[in-house]
Structures are given as C-alpha cells and as structure tokens.
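> Give me a model of this one.
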Amino acid sequence: MLLEFRWHGRGGQGVVTAALLFARAAVNKGLYALAIPFFGAERRGAPVVAFNRISDKVIRMRSSVKRPDFVAVLDPSLLGLVDVAGGLKLGGTLIINGSKETAEEFVEKVGKRVAVVDATGIALELGLKLSGYALANMPMVGAVARVSGVVDLDALRKAVYDVWDGRVADSNWAGVERGFKEVKIFG
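Alright, predicted model coming up:
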C-alpha cells in the first residue's frame, strides 16, 4: 500500500506543519511516512504546497507527488486560482476547507469525491490563530485522517502531544479532533 497526499494552502497557514504532523501520526501507527515541503516565493499569503507519502513498506521516492490519492485544500480562495484537483487519481478524494455548497459545486465541476469541513470556523472557535489569521491546518489534519483512514485519533493525539505541550497542545488537539469528527463526504 502506498498512498500519496498533496496539501494546498498559503504561506503562514501551516501547510508544512500539517504534512509533518500527518506523517508523524502515520509513523505512530507503524507505517512509513514522508513529509515533503515545497516552497516557492516563501512569503505569507503565497500559494504553498506540501506532500505526504505513506506506506507499509520503505519509501524510496523523494520527489513531489504528481498523482495524489488525496488532496487537502486549506484555503478555499485557491479553488479558483490553482488546479487543486489536477492529477488526482481516479477514485481519489478532494478534501476542502469550506461548506456543503462548496463540496457540491466541486463534485459537479470535477466529478470527484469531495469531503468538506469548516476548518476555518473550527479554528476561530478554538482560538487557533496566528497574527490574527485562523489556522485551519489542525482541523484539516483531522479531516484528512478520517477521510483517508490512514491514521486514527490515538495516533493523531500522540503526534500532537509529541510536538507541543500544555495549552498549545490542547488547543491543537481539539482542532484535530473536531476536524476528524465534523468532516462530511459528498459524491
């Protein structure tokens, strides 16, 4: 089994952190995992992409992911700017930070399975903000985990508490858990 993931967002939204945490959770499940960041302009607000490969065997490929099984979109404003569904495998799933209407529109537009979670709303409710911007990355990690079935809540919780401690860990964990529980799948 080899599953490939692509994460889309903007600089400063925690796209790379999301990919790293997801890989750590997969390792906690006894899988092999890579997190591969890709930086372009390296400034806040610029489109950013990160990738994951997760497998039950050693992973030797280190290149970017061209044909993902799952695509996560942290910033819904990218939907009209970037071909986020480009290269998505047949039977793959697009996981969007947005509303039911966004999901239904994308199911119709790209003919793919789409999952949606209000990651921004969750982040704002939980106070997951940096410089006043909502950090949707942790709810999106939870949503991607649930939709892909690769990691469970126990592996995610361990990953969060391995990286952070105290109130920071608690609030990030709350975001992951809510994203996991609140994601909806369409198509």
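> and Arg167, how many residues sit next to it?
Arg167 has 9 neighbouring residues, counting by other CB atoms under 10 Å. Every C-beta, even on glycine, is put in place using the N, C-alpha and C of the backbone.
> gap between the strand or helix carrying it and the chain center?
In this structure, Arg167 is located in helix 166-182 according to DSSP states H and E. Remark: helix 166-182 is offset 14 Å from the chain centroid, using CA atoms, centre = their mean, to the nearest Å.
> what do you get for stretch 144-158?
11 Å.
> CA-only coordinates of that stretch in PDB, if you can.
Provided in PDB are the C-alpha atoms of stretch 144-158 (Å, rounded to 0.1, in the frame of the first residue of the first chain):
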ATOM      1  CA  VAL A 144      -7.700  14.100   6.100                       C
ATOM      2  CA  ALA A 145      -7.100  11.400   8.600                       C
ATOM      3  CA  ARG A 146     -10.800  10.500   8.800                       C
ATOM      4  CA  VAL A 147     -11.400  10.500   5.000                       C
ATOM      5  CA  SER A 148      -8.200   8.600   4.200                       C
ATOM      6  CA  GLY A 149      -8.500   6.100   7.000                       C
ATOM      7  CA  VAL A 150      -4.700   6.000   7.300                       C
ATOM      8  CA  VAL A 151      -4.400   7.100  10.900                       C
ATOM      9  CA  ASP A 152      -6.800   7.100  13.900                       C
ATOM     10  CA  LEU A 153      -7.400   9.500  16.700                       C
ATOM     11  CA  ASP A 154      -4.900   7.800  19.000                       C
ATOM     12  CA  ALA A 155      -2.000   8.200  16.500                       C
ATOM     13  CA  LEU A 156      -3.000  11.800  15.900                       C
ATOM     14  CA  ARG A 157      -3.200  12.600  19.600                       C
ATOM     15  CA  LYS A 158       0.200  11.100  20.200                       C
END
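> May I have the helix or strand of the chain with the lowest mean pLDDT exported as CSV, CA atoms only?
Ranked by mean pLDDT, DSSP states H and E, the helix or strand of the chain with the weakest confidence is helix 100-110, at a mean of 72. Extracted C-alpha coordinates of helix 100-110, given in CSV (Å, rounded to 0.1, in the frame of the first residue of the first chain):
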residue,chain,number,x,y,z
LYS,A,100,-21.5,21.9,1.8
GLU,A,101,-22.2,24.2,-1.1
THR,A,102,-18.5,24.3,-2.0
ALA,A,103,-18.4,20.5,-1.9
GLU,A,104,-21.5,20.1,-4.1
GLU,A,105,-20.1,22.6,-6.6
PHE,A,106,-16.8,20.8,-6.8
VAL,A,107,-18.5,17.3,-7.2
GLU,A,108,-20.4,18.7,-10.2
LYS,A,109,-17.4,20.6,-11.6
VAL,A,110,-14.6,18.0,-11.3
